[in-house]
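>>> this one's structure only:
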């Protein structure tokens, strides 16, 4: 068969030019969408919580909250036209501080660290896209903050989805840097405090990510070749020691590949959460991912790193209970890994994906935006997962 010759007069497009133009179009559209969703200054705010939701978060009865309000104790909730009480997240945190003063035991309302407790650094990882890694990271960080923990969320993924979910658009808001790269680079690193941002949720701070993080992947081999990298995998850990006393938990959304950033995050982590989508192709690729991870961690350990962790767990994500093949894989994983698989799976839900359309987590959207049963099923699933992880944190600190 004769080869097909291209007509030299036919115009051709450079792939890099097309991709760059498409990237710029998309960035402009996302920026316009954000301006329309969050006017006038394009900043996000956390929604208000009903008295029932606030009571559930605090672990008290709604009637007790009402009594506090009538007695003039704590913050004054906002009253709706229907005379229902609604609380801001700042109100809920103020109530935590108030209730802790008369708690039966320390930590009932402020569950964070006490003297002698070490900072919990949770690396959320998976090598395969679509495993729910960023969704899991975002909901975990927000749930822990809403429950009274002081949380730092770090976006180490250059694709920066965790960053976008929290109202920061990398292309527009991080033109002068501002990622963890600034604090871990080899030349003139800045204090980590310089790249930490407050979010619209009390107790939750963010170190955003963008493509600049890839510089660490490019510079580390060069620094190693020149003998200037030192123990490169300690750089994230060393940066976090600067703010150790400011937080109870750090949640790191790791890149979806086993590069130098991921190795640095693993070296810093005290707990590791591996997300698994229970489909055969995903489980097959996870087999290779775990083998590569173990090989790399061997290399790091031989270089002097302490690779012992408080815990490691697998989180089943996008789980559909009515899907028979998925159930077989879940049973297979539970038989093989036992209690290393979290009891609670994260259910696949249109509520979570619908919330994502407006760059929000399920904790940020109003229940009224969904069919009640759809919302309740999804939020119960998320809470069960995140509260199980919170229990692991408490056990690590020696508490029941």
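Right, received. Where do you want to start? Given the structure is predicted, the values throughout are model-derived calculations rather than measurements. Residues are numbered from 1 along each chain as shown.
>>> And the pLDDT for the spatially most central residue of the chain?
By C-alpha atoms, centre = their mean, the chain has its centre lying nearest to residue 137, at 2.3 Å. For residue 137, the model assigns a pLDDT of 96.
>>> next one: residue 368
pLDDT for residue 368: 82.
>>> and it, helix, strand or coil?
Assigned state for residue 368: helix (three-state reduction, DSSP: H, G, I helix; E, B strand; the rest coil).
>>> re earlier: give me the element the residue nearest to the centre of the chain is part of.
Taking DSSP states H and E as the criterion, residue 137 maps to helix 133-146.
>>> Could I get the full set of helices for the stretch 51-200 of the chain?
Secondary structure of the stretch 51-200 of the chain (DSSP state H, counting those that start in this stretch): helices at 51-58, 62-70, 89-100, 133-146, 161-165, 170-173, 181-184.
>>> report the angle between the axes of the longest one and helix 51-58?
Spelled out, it's helix 133-146. 90 degrees (axes from the mean of the first three to the mean of the last three C-alpha atoms, to 10 degrees).
>>> how about helix 133-146: buried residues?
133-146 (16 or more other C-beta atoms under 10 Å). To be clear about C-beta, it is placed using only N, CA and C from the backbone, and glycine gets the same treatment.
>>> Give me the helices and strands touching the longest helix that the chain contains, please.
Assignment by DSSP state H gives helix 372-396 as the longest helix of the chain. Counting contacts by 3 or more C-beta pairs under 8 Å, 6 or more residues apart in numbering; DSSP states H and E, helix 372-396 is packed against strand 120-125, helix 133-146, strand 271-276, strand 311-316, helix 350-357.
>>> before we move on, back to that, how far off strand 120-125 does the helix holding residue 137 point, in degrees?
Relative orientation of helix 133-146 with respect to strand 120-125: 160 degrees, computed using the same axes, to 10 degrees.
>>> shouldn't residue 180 be in contact with residue 237?
No. Taking contacts as C-beta atoms under 8 Å, residue 180 lies outside contact range of residue 237: 12.0 Å.
>>> Can you show me the strands along the stretch 201-350 of the chain?
Listed in chain order, the strands of the stretch 201-350 of the chain (DSSP state E, counting those that start in this stretch) span 204-207, 249-253, 271-276, 311-316.
>>> The third one pairs with which strands?
If I follow you right, that is strand 271-276. strand 120-125 (parallel), strand 311-316 (parallel) (DSSP bridges).
>>> Go through these and pick out the most buried.
strand 120-125 (a mean of 27; mean count of other C-beta atoms under 10 Å).
>>> Could you tell me the angle between that one and helix 372-396?
Here strand 120-125 points in a direction 130 degrees away from that of helix 372-396 (the same axes, to 10 degrees).
>>> any idea how far strand 120-125 is from the chain center?
Distance of strand 120-125 from the chain centroid (C-alpha atoms, centre = their mean, to the nearest Å) equals 9 Å.
>>> Repeat that for stretch 310-318.
Distance of stretch 310-318 from its chain centroid, counting by C-alpha atoms, centre = their mean, is 14 Å.
>>> Identify the residues contacting that stretch?
Stretch 310-318 is contacted from outside by 120, 130-132, 135-136, 270-278, 330, 333, 337, 340-342, 345-348, 385, 389, 392, 396, using C-beta atoms under 8 Å, 6 or more residues apart in numbering.
>>> quick one: low-confidence parts of the stretch 201-350 of the chain?
Along the stretch 201-350 of the chain, the parts satisfying pLDDT under 70 run over 228-230.
>>> Serialize the buried residues of helix 133-146 to a markdown table and add fields for distance to residue 285.
Formatted as a markdown table, those follow (distance: C-beta to C-beta, whole Å):
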| residue | distance to residue 285 |
| --- | --- |
| 133 | 13 |
| 134 | 18 |
| 135 | 19 |
| 136 | 18 |
| 137 | 20 |
| 138 | 23 |
| 139 | 24 |
| 140 | 23 |
| 141 | 26 |
| 142 | 28 |
| 143 | 28 |
| 144 | 29 |
| 145 | 32 |
| 146 | 33 |
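>>> just the residues you listed now: which is nearest residue 294?
Nearest to residue 294 among the buried residues of helix 133-146, counting by C-beta to C-beta, is residue 133 at 19.1 Å.
>>> Distance of the closest one relative to residue 139?
Residue 133 sits 11 Å away from residue 139, going by C-beta to C-beta, to the nearest Å.
>>> sorry, back to before: which of the helices of the stretch 51-200 of the chain has the lowest mean pLDDT?
helix 170-173 has the lowest average pLDDT among these, namely a mean of 76.
>>> and residue 62, which of the helices and strands packed on helix 372-396 is closest to it?
helix 133-146 (17.0 Å).
>>> Report the contact partners of residue 136.
Applying C-beta under 8 Å, 6+ apart, we find residue 136 in contact with 124, 273, 275, 315, 317, 346, 385.
>>> Let me fix that, I meant to ask about residue 286.
Contacts for residue 286 (C-beta under 8 Å, 6+ apart) come out as 126, 127, 128, 274, 276.
>>> for those residues, which one is nearest residue 306?
Nearest to residue 306 among the contacts of residue 286, with distances taken as C-beta to C-beta, is residue 274, at 19.9 Å.
>>> roughly how far apart are that closest one and residue 312?
Residue 274 is 7 Å from residue 312, by C-beta to C-beta.
>>> still on that earlier bit, residue 180 and residue 237 - which one has more neighbours?
Neighbour totals were compared for residue 180 and residue 237, and residue 180 leads with 27 against 18 (other C-beta atoms under 10 Å).
>>> any idea how far that one is from residue 152?
Distance from residue 180 to residue 152, counting by C-beta to C-beta: 11 Å.
>>> Residue 22 too?
34 Å.
>>> residues near the spatially closest residue to residue 157 that is not a sequence neighbour, how many?
Nearest residue to residue 157, sequence neighbours excluded (C-beta to C-beta, 6 or more residues apart in numbering): residue 255, at 4.9 Å. Residues contacting residue 255 under the criterion other C-beta under 10 Å number 24.
>>> is it true that residue 255 touches residue 156?
Yes. Contact criterion C-beta under 8 Å: residue 255 and residue 156 qualify, at 5.8 Å.
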